[in-house]
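S.K.: I'll drop the sequence and a predicted model, then ask my questions.
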Amino acid sequence: MASRHGDYFFKVTILFILFSVTLTNDLRGNYSEPGSSECTTQECSIVRLKSSLNLVERMNSSADPCDNFYKYACGNFELPNKSFGSLIERSHSEYGRLRAKMPEKINKMIMATLNTSKNFKPQKLIKNLYSSCINPEGKDHNSSDDIQFLRQQLMELGDWPVLKGKDWDESNFHWLKIVNSSHRMNNFYEAFLKFGVTYYKNNTHAFFFEAPSFEFSYHESTDQIRMKIDAYYNYMVRISELLGAEQQLSRKDLWDSVRFEFKLFDNIYNLTSDSSISNTTITNEMSVADIIDRWPSVDWTEFFNTTTQPFVEINNATMIILKDSFVYIENLIRILSNTPKRIQANYGLWKMTEKMVPYIKNSTIKISFRHNEMIQNRVHPTENYQCSRLVQDLLPTSIDALYVREYLDERVKPVVTKMLTEIKSKLIAILGSVGWFDEETRRNAIEKVEAIKNIVAYPDGLMDDEKIEEYYADLANLEASSFLENVVRLEKFRWKDQIEVVKLPYNVYYRTYMNYTITRIIDVNAYYLQWMNSLEIPAAELQGIFFDINRPSYINYGSMGTIIGHEIAHALSYNSRKNDKIGYLNDWWTNETDKKYRDKAQCFVNQYSNYTIEGLDQKMNGTRTLDENFAENIGVRIAYLAYQDWAKRNGPEPSLPEMSSYTSNQLFWLSYASSWCTSLLPTEIKAESEDIHPPSSSRIVGSLSNIPEFARDFNCPLGSNMNPKNKCVLF
């Protein structure tokens, strides 16, 4: 094994070669095809050299790979500048580093739209929205117009008593009226009750109710809540005065509002002594007819008609998901019946004001908003970054569409899709020979894996300019002057979009809707969705150490292939196995086979519960991490087997520069382990120990010690830590 001095010499050698190749290839014009054994382009050469450097700078080659492969592959992975440096430098894993780089990539992309003359609607929308956000006060727009616009919105909802003073008339006020009107006007409102669309069951959507968010948290101490209430109240007073409220009256009104909000917050989950609740079976779904019957003091018919028409028709049989809000609604109505209308109105219209204030381009309000964030320990980003972040959130489809055009090589999607298909086929082949399966369960398992739907990189429609233009057809043009008015237009567009979705089957919506693939295209992650039997590999995941079109396949299969294998394996992992091929919860396992499955699961529970968490004097919880451990053990092996098939079809690939002593198979395993190298701060170790995923060291050692092909490739003797005599195997 090489010494650490040798590792250092190796790194210097790689860097020298990297410089030489860059210089040499500047004079050449050769090209390589993805996945080919030859590497003749400058880009390919640099990528392969970087791959070597990535592996070796993490490795501790003096460690024994057959004793602890994680220490061998990641023993020199250290977190530079743990307390200082940039967010990227302080990120403790490859996922953290890639996620930390994304804001700058998105910001760079947004900046490019400011100088474009293209007529592509996403670019125009981004350009105008960002310009209206960053536009200095007094340039093309008077910030007082935004304040006047906000006041106009408040007036249309019945006017804010804080601003109206003693002249406010309560005769026409009802809390539900402002909920109704605000959804139609700007979709900012959720002060009393949150209403929206969610997944229901059997591949359908449904409307839902749930408690709104509050300023307070049950996780905070009494002193923390008291400090937050003081900061929150002072912020409310300052904003109301900037909007023209009379000081003395507004202070009393707003203090009553704070007390009212805390009362709602304190009653979210508290059952009252009212026997009508205690004698009622609390349910998570109710028909409209049952809601009307249960709470007759509220005009629910008017509410549903106002918030959903003309987009969707609701009738008495329509089911509404309560999301654990039955008790909250019960308490809400009781509290409102004993609360003066002035307090209700002040609270309700403040909550809308609070949502809209951050979008007002007024320096005084901006300073006040910042002050409130600092008191609540929120980091306030620069104006440029803040505007970029708001554009990402408000125009997700536009951002996603531009991201794949700007940053994703068009060759990536078909290559990764083919990789996914090959990995899935290996799991199907294994299922065909599992000895403990009965034939009925085997057939159902194979059908489920075959039926897995997938989105690799992006939905196909995202690259169709005409479809994107059609998607935005109903969105009014955004102006470069008024940011607040632009935000209101976008919120109205988003509400219409969300409401209309309820008419579609869940999987159709998922497959065709531009803006919604469960995840964002710019998410650095991968997902299996058990209620849809579907997996997603977002475009942002296909970068960095996880995938590069110019790397050898043994590296890509070792990093991205094992991630894909993990997500595919979730179709049959512990928590997902009772969902059928469509995604419905429908137990298709025979009793005998299910018992054998659970017996095999206990082996994994025992194995992982025996690992000690590094940095903590405690063992892992093998039960908590069971589902992820199943997926990892299966996923890594099927990715390896898929690579073996690839190598048979395409022939051997050359080794990485300066790593010719390693076989392609060994580099596969190194690529896999290296992508999970982690260096945690003491405060982070405790949090990771409570996660459903195992710590990286246990992830690597646990899965590879169960895979005989790993032991064979590294010549690990039987009985060594990485080749135990008794292995846990599911399939």
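M.R.: Thanks, I have the structure now. Numbering: from 1, shown residues only.

S.K.: helix, strand or coil for A73?
M.R.: Under DSSP: H, G, I helix; E, B strand; the rest coil, the three-state class of A73 is helix.

S.K.: pLDDT wise, what is it at?
M.R.: If you check A73, the pLDDT there is 96.

S.K.: Repeat that for the one 3 residues further on.
M.R.: Model confidence at N76, expressed as pLDDT, equals 91.

S.K.: So it lies in a helix, does it not?
M.R.: No: counting by three-state DSSP, one finds N76 to be coil, located in no helix.

S.K.: Look up how far Y70 lies from the closest residue in space to it that isn't next to it in sequence.
M.R.: In space, and not counting its chain neighbours, N76 is closest to N60: 5.1 Å by C-beta to C-beta, 6 or more residues apart in numbering. Glycine gets a C-beta too; all of them are placed from N, C-alpha and C. From N60 across to Y70, the span is 10 Å (C-beta to C-beta, to the nearest Å).

S.K.: Out of these two, name the residue with the larger neighbour count.
M.R.: More crowded of N60 and Y70, by other C-beta atoms under 10 Å: Y70, with 27 against 19.

S.K.: what's the helix or strand for the more buried one?
M.R.: Using DSSP states H and E, Y70 sits within helix 69-74.

S.K.: Would you confirm that E94 contacts F546?
M.R.: Yes: between E94 and F546 there is a contact under C-beta atoms under 8 Å: 7.3 Å.

S.K.: Need the residues touching each of these two.
M.R.: Both E94 and F546 are in contact with S675, where contact means C-beta atoms under 8 Å, 6 or more residues apart in numbering.

S.K.: okay, now V488: neighbour count?
M.R.: Using other C-beta under 10 Å, V488 has 21 neighbouring residues.

S.K.: what secondary structure does it sit in?
M.R.: helix.

S.K.: Over to I455?
M.R.: Here I455 is recorded as strand under three-state DSSP.

S.K.: The chain should start at 3 in everything you say after this.
M.R.: OK, 3 is where the count begins now, so the last one is I457.

S.K.: phi, psi of the nearest residue to it once chain neighbours are set aside?
M.R.: In this structure, I457 finds its nearest non-sequential neighbour in E538, 4.9 Å apart by C-beta to C-beta, 6+ apart. Main-chain torsions, E538, degrees, to the nearest 10: phi -130, psi 130.

S.K.: Please name the bridge partners of E538.
M.R.: Per DSSP bridges, the residues bridged to E538 are I457, Y529.

S.K.: Surely it is in contact with R522?
M.R.: No: taking contacts as C-beta under 8 Å, E538 lies outside contact range of R522: 9.9 Å.

S.K.: Pick out whichever of the two has more residues nearby.
M.R.: Using other C-beta under 10 Å as the criterion, E538 and R522 rank with E538 on top: 26 against 21.

S.K.: Buried residues, stretch 566-586. List them.
M.R.: For stretch 566-586, a neighbour-count test (16 or more other C-beta atoms under 10 Å) marks 566-576, 578-579, 581, 583-585 as buried.

S.K.: got the end-to-end distance for it?
M.R.: 22 Å (C-alpha to C-alpha, to the nearest Å).

S.K.: thinking T443 is in contact with N593, fair?
M.R.: No: assessed by C-beta under 8 Å, T443 is found out of contact with N593, at 10.2 Å.

S.K.: Who has more neighbours out of these two?
M.R.: Higher neighbour count among T443 and N593: T443, with 21 against 8, using other C-beta under 10 Å.

S.K.: Now the more buried one: which helix or strand?
M.R.: Per DSSP H and E: helix 441-452 holds T443.

S.K.: can you check S252 too?
M.R.: Take DSSP H and E as the rule and S252 turns out to sit in helix 249-268.

S.K.: for the longest helix anywhere in the chain, the distance to its chain's centre please.
M.R.: In the chain, taking DSSP state H as the definition, the longest helix is helix 628-652. A distance of 25 Å separates the centroid of the chain from that of helix 628-652, by C-alpha atoms, centre = their mean, to the nearest Å.

S.K.: could you check the angle helix 628-652 makes with the helix or strand following that helix?
M.R.: Following helix 628-652 in sequence order, the next helix or strand is helix 666-676 (DSSP H and E). Helix 666-676 runs at 150 degrees relative to helix 628-652, counting by axes from the mean of the first three to the mean of the last three C-alpha atoms, to 10 degrees.

S.K.: any low-confidence regions in the stretch 3-152 of the chain?
M.R.: Where the stretch 3-152 of the chain drops to pLDDT under 70, the residues are 3-40, 81-93, 137-145.

S.K.: All the strands of it, residue numbers only.
M.R.: Secondary structure of the stretch 3-152 of the chain (DSSP state E, counting those that start in this stretch): no strands present.

S.K.: can you give me the helices for it?
M.R.: Under the criterion DSSP state H, counting those that start in this stretch, helices of the stretch 3-152 of the chain are mapped to 6-27, 44-60, 71-76, 89-92, 96-115, 123-136, 145-158.

S.K.: quick revisit: can you give me the buried ones in the helix holding S252?
M.R.: If you call a residue buried by 16+ other C-beta under 10 Å, then helix 249-268 has these buried ones: 252-253, 255-256, 258-260, 262-264, 266-267.

S.K.: Give me the mean pLDDT for that helix.
M.R.: Averaged over helix 249-268, pLDDT sits at 89.

S.K.: got the contact list for it?
M.R.: Residues outside helix 249-268 that contact it (C-beta under 8 Å, 6+ apart) are 163-164, 167-168, 216-218, 231, 234-235, 238-239, 242-243, 333-334, 337, 341, 344-346, 348-349, 352.

S.K.: low-scoring pLDDT stretches of the stretch 503-652 of the chain, where are they?
M.R.: Within the stretch 503-652 of the chain, the stretches with pLDDT under 70 are 506-521.

S.K.: The same query, at a cut-off of 90, please.
M.R.: 503-522, 531-534, 584-588, 615-620 (pLDDT under 90).

S.K.: which parts of stretch 318-338 are buried?
M.R.: Neighbour-count burial for stretch 318-338 flags 320-325, 327-335, 337-338 (criterion: 16+ other C-beta under 10 Å).

S.K.: So the closest residue to I570 other than its chain neighbours: helix, strand or coil?
M.R.: Nearest residue to I570 in three dimensions, chain neighbours excluded: K426, at 5.4 Å (C-beta to C-beta, 6+ apart). Secondary structure, three-state DSSP: K426 is helix.

S.K.: contacting residues around K426?
M.R.: With contact taken as C-beta under 8 Å, 6+ apart, K426 is in contact with 451-452, 454, 570.

S.K.: do the same with L156
M.R.: Neighbouring residues of L156 by C-beta under 8 Å, 6+ apart: 162, 165, 351, 354-355.

S.K.: Out of those, which two sit at the greatest distance?
M.R.: The span of the contacts of L156, defined through C-beta to C-beta, is set by L165 and M354 at 12.6 Å.

S.K.: Which parts of the stretch 453-602 of the chain are strands?
M.R.: 455-459, 529-531, 536-540.

S.K.: Can you lay out these as CSV showing distance to D292?
M.R.: Listed next are these as CSV, based on distance: least, C-beta to C-beta, whole Å:
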stretch, distance to D292
strand 455-459, 34
strand 529-531, 30
strand 536-540, 32
